[in-house]
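**Student:** Below is the structure, and that's it, no one-letter string:
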Ligand code: G3H
């Protein structure tokens, strides 16, 4: 299909500054260890915006400020601070009541709300997320914390009573594991940093959190709130190169738990670095290659907007993005025409501009990676079927619809994590089932159609290949109360408001028999309030 005329946003002159001030800051030098906000004086990196502005004959990506590149000593200092807070399990935070932890978290969330505008502004400049989505990420995170508190109260109320069994009785609660390392990804630098940090801390685990590669600055305005609301060492925030600061922490064997949201290659490396990998409990949310399947009777009025949002929200930089489309032969021509037309209507620009849906990608290396994927597919006969698809202006990549895609092409197998939409035609549903079966990923699938005779068996097959089947909607993580997980290389453990609380804790119980002395003893401990664990206090 035609490549011309070029879209206006593919012309350098389109990317003119509209006068919005660059939020330059030295905040990237600050980090938090043991209740102290420190300023780094060692090696730094230059943090540049992913947004490029037309400048003279070329482009410039504005410098936002320096970013601390901490070293191994400082990373170990953060771990030691977490260990002091843990104090072999006797620390104030791991032994205090759930009510006290909730009180601290409620104070934190109030302080967090106060820095909303700064965080959102930096999110737009650092990773190019649209203003609406940046506010969405912030507000969703606040809601996630509030929902987590609500859920924990519920769990706590249930464990305030004793379990009685024959001649034994017990109080069963959940206890923390110990120092925990949390790492979030650049595509949700706030939300998915907090998605593990918050439940880990609420359950009593002191945390070392390594900030993502892109999205470091936006987390810094929260340091004061972390310092003021939690005891020293409960939350430690560090930044730098993974091999410099994460490797020594994991190699030390002194973290009990690893929470990592990112790619499976890094997860494998991290796990193998632990001296006793079987002791390292993990919660991992990794790569995915979610298929979208457009069946014979799909309603394209519903399907096209869902596919576009599924493939291109945040320019496809979501683990849940639709990354491979299968379209029934009878609908393929109509589908491609309508998809390309709808894509052509999407507005590109700076994240704060009204109605903008397409923005530059966060990683400056991504355009080249995507260009290679497209070139590889072309070498096997695929075409870019939308005008301007795959064209690059600095970090901006115009979305490319690739057709026909087949199993010889890299894009059929690897996660593109960017605005490339591979499409394959199918005749028999077994072809699509085989794709799901042979894929190394197993996160989600979207099915578009309405025939129960087709969908019923397909659902039954797919639920054993992936962890969520979406009917006539795009793949997604939310609502956060739903379980979010994956099979095969896509995840280990489940994240949801309730599941995360469970994942960062282990059931512990105090049990005894009904002998009068033991009954009296338990009553005495409860009445004298000498234990926070053995307690019947009701949490309101
Ligand atoms: O990048 C992976 C995220 O967990 C996707 O979350 O479906 O809410 O965009 P989302």
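**Tutor:** Thanks, I have the structure now. Because the structure is predicted, anything quoted here is derived from the model rather than measured.
**Student:** Please make it C-alpha for all contacts and neighbour counts, starting now.
**Tutor:** Fine.
**Student:** quick one: strands adjacent to the host helix or strand of residue 469?
**Tutor:** When elements are defined using DSSP states H and E, residue 469 is found to belong to strand 468-471. The strands that strand 468-471 pairs with in its sheet are strand 444-448 (parallel) (by DSSP bridges).
**Student:** what's around the closest residue in space to residue 130 that isn't next to it in sequence, how many residues?
**Tutor:** Across the structure, with CA to CA, 6 or more residues apart in numbering as the measure, the residue nearest residue 130 apart from its sequence neighbours is residue 351 (4.0 Å). The local packing of residue 351 (other CA atoms under 10 Å) involves 25 other residues.
**Student:** Tell me the predicted confidence for residue 351.
**Tutor:** Each residue has a pLDDT score; the one for residue 351 is 98.
**Student:** List of residues touching the strand holding residue 469?
**Tutor:** 443-449, 459, 462-463, 475 (CA atoms under 8 Å, 6 or more residues apart in numbering).
**Student:** What is the most widely separated pair among those?
**Tutor:** With distances taken as CA to CA, the most widely separated pair in the contacts of strand 468-471 is 443 and 449, at 20.1 Å.
**Student:** between these two, who's got more neighbours?
**Tutor:** In this view residue 443 and residue 449 are compared by other CA under 10 Å, and residue 443 has more residues nearby, 30 against 20.
**Student:** Can you tell me the element residue 208 falls in?
**Tutor:** In the assignment (DSSP H and E), residue 208 maps to strand 207-210.
**Student:** now that strand, how far from the chain's geometric center?
**Tutor:** In terms of CA atoms, centre = their mean, to the nearest Å, the gap separating the centre of strand 207-210 from the centre of its chain is 15 Å.
**Student:** what's that strand in contact with?
**Tutor:** By CA under 8 Å, 6+ apart, the list of residues contacting strand 207-210 reads 78-79, 82, 179-184, 193, 197, 200-201, 233-240, 246.
**Student:** what's the answer for stretch 21-37, then?
**Tutor:** By CA under 8 Å, 6+ apart, the residues outside stretch 21-37 that reach it are 38-41, 44, 62-68, 77-78, 81-82, 121-122, 125, 216-217, 220-221, 223-224, 227-228, 231-239.
**Student:** what does stretch 520-540 give?
**Tutor:** Contacts with stretch 520-540, where a contact means CA under 8 Å, 6+ apart, come from 95-97, 99, 153, 156-157, 160-161, 171, 173, 510.
**Student:** still on that earlier bit, tell me which residues in the strand holding residue 469 are buried?
**Tutor:** Residues of strand 468-471 classed as buried: 468-471 (neighbour count, 16 or more other CA atoms under 10 Å).
**Student:** same check, this time on stretch 413-433
**Tutor:** Of the residues in stretch 413-433, those scored as buried under the neighbour-count criterion (16+ other CA under 10 Å) are 413-426, 432.
**Student:** Considering only these, which also neighbour the ligand?
**Tutor:** The subset of the buried residues of stretch 413-433 within reach of the ligand, by CA under 6 Å from any ligand atom, is empty.
**Student:** which one of the residues you listed sits closest to residue 486?
**Tutor:** residue 415 (14.8 Å).
**Student:** and the contacts of stretch 21-37, which of them are in helices?
**Tutor:** Among the contacts of stretch 21-37, the subset assigned to helices under DSSP state H consists of 77-78, 81-82, 121-122, 125, 223-224, 227-228.
**Student:** In PyMOL, select just the buried ones from the residues you listed.
**Tutor:** The following PyMOL command selects only the buried members of the ones in helices among the contacts of stretch 21-37, with burial defined by 16+ other CA under 10 Å:
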select buried, resi 78+81+82+121+122+125+223+224+227
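**Student:** any chance of the ones in helices among the contacts of stretch 21-37 in JSON lines, plus pLDDT and distance to the ligand?
**Tutor:** Converted to JSON lines, the ones in helices among the contacts of stretch 21-37 look like this (pLDDT from 0 to 100; distance: CA to the nearest ligand atom, whole Å):
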{"residue": "77", "pLDDT": "98", "distance to the ligand": "30"}
{"residue": "78", "pLDDT": "98", "distance to the ligand": "27"}
{"residue": "81", "pLDDT": "99", "distance to the ligand": "29"}
{"residue": "82", "pLDDT": "98", "distance to the ligand": "27"}
{"residue": "121", "pLDDT": "98", "distance to the ligand": "19"}
{"residue": "122", "pLDDT": "98", "distance to the ligand": "19"}
{"residue": "125", "pLDDT": "98", "distance to the ligand": "19"}
{"residue": "223", "pLDDT": "98", "distance to the ligand": "24"}
{"residue": "224", "pLDDT": "98", "distance to the ligand": "27"}
{"residue": "227", "pLDDT": "98", "distance to the ligand": "27"}
{"residue": "228", "pLDDT": "98", "distance to the ligand": "29"}
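**Student:** Can you tell me which of the ones in helices among the contacts of stretch 21-37 comes closest to residue 363?
**Tutor:** Closest to residue 363 out of those is residue 125 (12.5 Å), distances taken as CA to CA.
**Student:** Identify the residue spatially nearest to the closest one, adjacent ones excluded.
**Tutor:** Leaving out its chain neighbours, the residue that sits closest to residue 125 by CA to CA, 6+ apart is residue 49, at 5.3 Å.
**Student:** Nearest to the ligand among the contacts of stretch 520-540?
**Tutor:** residue 153 (24.8 Å; CA to the nearest ligand atom).
**Student:** how many other residues sit next to the residue in the stretch 51-200 of the chain that the ligand sits nearest to?
**Tutor:** As assessed by CA to the nearest ligand atom, the ligand sits closest to residue 187 within the stretch 51-200 of the chain, at 6.2 Å. Taking other CA under 10 Å as the criterion, the count of residues near residue 187 is 26.
**Student:** ok, now which ones touch it?
**Tutor:** Each residue near residue 187 by CA under 8 Å, 6+ apart is listed here: 127, 317-318, 362.
**Student:** Now do the contacts for the residue nearest to the spatial centre of the chain.
**Tutor:** Among the residues of the chain, residue 192 comes closest to the average C-alpha position under CA atoms, centre = their mean, at 3.8 Å. By CA under 8 Å, 6+ apart, the contact set of residue 192 is 184-185, 261.
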